[in-house]
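> Kindly return the folded structure for what I paste below:
(2 chains)
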Amino acid sequence: MGLRDERGPFFGEYGGRYMPESLIAAIDELTAAYEAMRLDPAAQAELAELHASYSGRPSIITEVPRFAEHAGGARIILKREDLNHTGSHKINNVLGQALLTRRLGKTRVIAETGAGQHGVATATAAALFGFDCTIYMGEVDTQRQALNVARMRLLGAEVVPVTTGSRTLKDAINEAYRDWVASVEATNYIFGTAAGPHPFPAMVRDFQKIIGEEAREQVLGLTGRLPDAVVACVGGGSNAIGIFDAFLDDPGVRLIGYEAAGEGVDTERHAASIERGRPGVLHGARTYVLQDEDGQTIESHSISAGLDYPGVGPEHAWLADIGRAEYLPATDTEAMDALRLLSRTEGIIPAIESAHALAGAMRLGRELGPDSIILVSLSGRGDKDMTTAGRWFGLFDEGAVG
Amino acid sequence: MTSPRELVGYLPVGFPDLQGSVDAAVALLEHGVTALELGIPYSDPVMDGPVIQEATNAALEAGFRIPMVFEAVAAIRERSTAPVYVMTYWNPVLQHGVDRFADELAAAGGTGLITPDITPDAAADWIATSDRTGLDRVFLAAPTSTDERLRLIASASRGWVYAVSTMGVTGAREDLDAAARALVPRIRAAGGERVYVGIGISTRPQVEEVWGYADGAIVGSAIVRAIRRDGAAGAAGIAAELSGR
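Model prediction:
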């Protein structure tokens, strides 16, 4: 059995389903419906059609030689999930779970969101399928991603700013669970990342693995061989597992996830759950968690809202432990430098999340040298990040931004 | 049903501070509460509504640490023989060490654990440890639980089964869901000998209503509000009101 065939609930000692009994019936129902959908050719064909005619798949790959000059001359190839409808890889998963929602006969969806990309994707699918939609978003994130809040509301979703705890992604998940406990009869929870209780890690991976499946063929077509390394940013880890999956059983391909190191992985302000956390249970799964001695979750920090999460998907925890994938840090500063560099050398403005992978690729390229090929998951576009980037780089005219 | 009806009072350890929570707990027991549910403040309490979240956050900000739970249990035990259960999300137990946690709780005179975010099928280590230590283990049953799951919950629980009255998080509700009245006999049919009902209960009439079909009623948010307002005196007042004394 290959590494690709792991279906949960456990990935090694990680994963599982640590959930309140009140949600077990819904999760059992979801698990059964997903297994049926996974094996249903008509459903898979419908999803493929949505990808082709709605979200714009397959996404292209783009080689970026001018950027690569700053990465040791390695060949750098971007998988362009930023070109998907709604601007990130999140739509891949959401369309799948929207079909599943319809299959369950439910009429309302809820979701958590950090950067707002998953919220926008969910609001988009809700508009497309005619679902009622409520998005939970940490108050801190509603402020730093105000544009996405407006997008969600324009799409007809209710956006609830979450004011408990650290007011970021983890608290948005808590609040979404609280909603779900009370509304489970008619509501499906469209979970945004490959974390949480079974079946979400395996299901979200299944919906995202199209990224790597396409990219593997595209890189083979362009270069005649497999890449030396595949890199992606890791918050919860859905774009990373999506691009890694197709390469899991290619032992010659290094898989590297870059965690948000915030102000530095050796400071107290980062989101490097695998590098600095230890195993625990958070949001329904056993995985690496940033936590104190008592098991209280520690607030994470990253300039990128989408990576600002103190846990990580259990499959990544497992891949780290067995050594199949490596997890390394990229700081706020490194990510912002990479964001500006890609913008200026290639005319592509990446999401700050994805810029962590670009920063990692720059380091890795210098290590691997000019004969190497590095495939980078460009998981999202940077439009949503212009306020942050404008402030970081001083791009605004004085008085132009409040 | 001839056994006496129980009134379980919930309060978080360390709210407003360690001594304050011990005093409030004892006041509850002195005024008609028959068993305690001591909550461990946790950073991510997904089953709790706003009142309890606010109190547990305050306890965390005031410096709550896990060993305070055992101190609180021991201090209450010096002043009362009533059952003292600890309600905890799972990660704090896991990080303390399941065996170590159980040994320290038993040594302090604790009765058992109520575990809202794990189910028997995810609790093999706790089931083994509670068998070794003799601690009670209270699992939750929900209106949406299938009969098969109710059998699993009833057989895995020791002490009693916590019947979730309504689909939602903790917090007072004006009308108790009819779901509880339907759930309790289903739990009994599944083998649950003693069944207490919790979530949403905040008044004496609701307690009496629950006592009509279950072995116990669990009150949380209403007690926490009273403690927030008036400390141990508030606890005494609400306990007297709820117990009809």
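> can you list the weak-confidence ranges in the chain?
Picking chain A for this. Across chain A, the ranges flagged by pLDDT under 70 are A:399-402.
> Hmm, no, I was thinking of chain B.
Using pLDDT under 70, the flagged stretches of chain B are B:1-3.
> Where does it get nearest to chain A, which residue?
Relative to chain A, the nearest point of chain B is residue B:95 (3.3 Å; CB to the nearest CB). The way it works is simple: take the backbone N, C-alpha and C, and place the C-beta from them, glycine included.
> For the residue nearest to that residue when sequence neighbours are not counted, list the residues it contacts.
Among residues not flanking residue B:95 along the chain, residue A:295 sits closest, at 3.3 Å (CB to CB, 6 or more residues apart in numbering or on different chains). Residues in contact with residue A:295 (CB atoms under 8 Å, 6 or more residues apart in numbering or on different chains) are A:280, B:42, B:66, B:91-96.
> can you tell me which of the residues you listed are in helices?
B:91-96 (DSSP state H).
> Spell out for me the ChimeraX command that would select the buried members of these.
Buried residues among the ones in helices among the contacts of residue A:295 (16 or more other CB atoms under 10 Å in any protein chain shown), as a ChimeraX selection:
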select /B:91,92,93,94,95,96
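> Phi and psi next, for the residue nearest to residue B:95.
phi 80, psi 10 (degrees, to the nearest 10).
> Neighbours of residue A:43, how many?
Neighbourhood size, residue A:43 [other CB atoms under 10 Å in any protein chain shown]: 17.
> Just give the number of residues close to the residue nearest to it when sequence neighbours are not counted.
With CB to CB, 6+ apart as the criterion, residue A:43 has its nearest non-adjacent residue at 4.6 Å, and that residue is residue A:37. Other residues lying near residue A:37 total 21 when counted by other CB under 10 Å.
> go on, the one 10 residues further on?
Summarising burial for residue A:47: neighbours were counted as other CB under 10 Å, giving 19.
> Go ahead and confirm it touches residue A:95.
Yes: counting by CB atoms under 8 Å, residue A:95 is a contact partner of residue A:47 at 6.3 Å.
> Please list the residues outside stretch B:204-214 that contact it.
By CB under 8 Å, 6+ apart, stretch B:204-214 touches B:5, B:7, B:163, B:165, B:176, B:180-181, B:184-185, B:195-197, B:200-201, B:216-217, B:219, B:241-244.
> next one: stretch A:24-39
Against stretch A:24-39 from outside (CB under 8 Å, 6+ apart): A:17, A:19, A:43-44, A:99-100, A:103-104, A:180, A:184, A:188-189, A:197-199, A:203, A:206, B:119, B:142, B:144-146, B:149.
> Let's see that with 7 Å instead.
With CB atoms under 7 Å, 6 or more residues apart in numbering or on different chains as the test, stretch A:24-39 has contacts from A:17, A:19, A:43, A:99-100, A:103-104, A:184, A:197, A:199, A:203, A:206, B:119, B:144-146, B:149.
> and if you look at stretch A:258-265?
Identification of contacts with stretch A:258-265 by CB under 7 Å, 6+ apart yields A:231, A:233-235, A:269-276, A:301-302, A:304, A:307-308, A:327-332, A:356-357, A:359-360.
> Buried subset of those residues, written for ChimeraX?
Burial among the contacts of stretch A:258-265 is assessed by 16+ other CB under 10 Å; the matching ChimeraX selection reads:
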select /A:231,233,234,235,270,271,272,273,274,275,276,301,302,304,307,308,327,328,329,330,331,332,356,357,359,360
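> among the contacts of stretch A:258-265, which are in helices?
Those of the contacts of stretch A:258-265 lying in helices (DSSP H): A:273-276, A:332, A:356-357, A:359-360.
> The residues you listed: which two are farthest apart?
Using CB to CB, the ones in helices among the contacts of stretch A:258-265 reach their maximum pairwise distance at A:276 and A:357, which is 18.9 Å.
> Which phi and psi values does residue 15 adopt?
Unless you meant another one, I'm taking chain A. Dihedral angles of residue A:15 (phi, psi; degrees, to the nearest 10) stand at phi 100, psi -140.
> not quite, I wanted chain B
The phi/psi pair for residue B:15 (degrees, to the nearest 10) is phi -120, psi 120.
> Go ahead and list the helix or strand containing the residue of chain B positioned farthest from its centre.
Farthest-out residue of chain B from its mean C-alpha position, per CA atoms, centre = their mean: residue B:148, at 24.1 Å. Using DSSP states H and E, residue B:148 sits within helix B:147-156.
> hmm, who's touching that helix?
Helix B:147-156 is contacted by residues A:21, A:24, B:120-121, B:127, B:139, B:141, B:145, B:161, B:186-187, B:190-192 when judged by CB under 7 Å, 6+ apart.
> among those, who's most crowded?
Neighbour max across the contacts of helix B:147-156 (other CB under 10 Å) = residue B:161, 28 neighbours.
> out of everything not next to it in sequence, what's closest to that one?
Leaving aside its sequence neighbours, residue B:161 sits nearest to residue B:192 (CB to CB, 6+ apart; 4.2 Å).
> mind checking the SS state of that neighbour?
Three-state assignment for residue B:192 (DSSP: H, G, I helix; E, B strand; the rest coil): coil.
> Would you mind stating the distance between it and residue B:32?
For residue B:192, the distance to residue B:32 equals 25 Å [CB to CB, to the nearest Å].
> one step back: just the ones of the contacts of helix B:147-156 in helices?
Per DSSP H, these map to helices at A:21, A:24, B:127, B:186-187.
> Closest one to residue B:171 out of the residues you listed, please.
Closest to residue B:171 out of those is residue A:21 (17.9 Å), distances taken as CB to CB.
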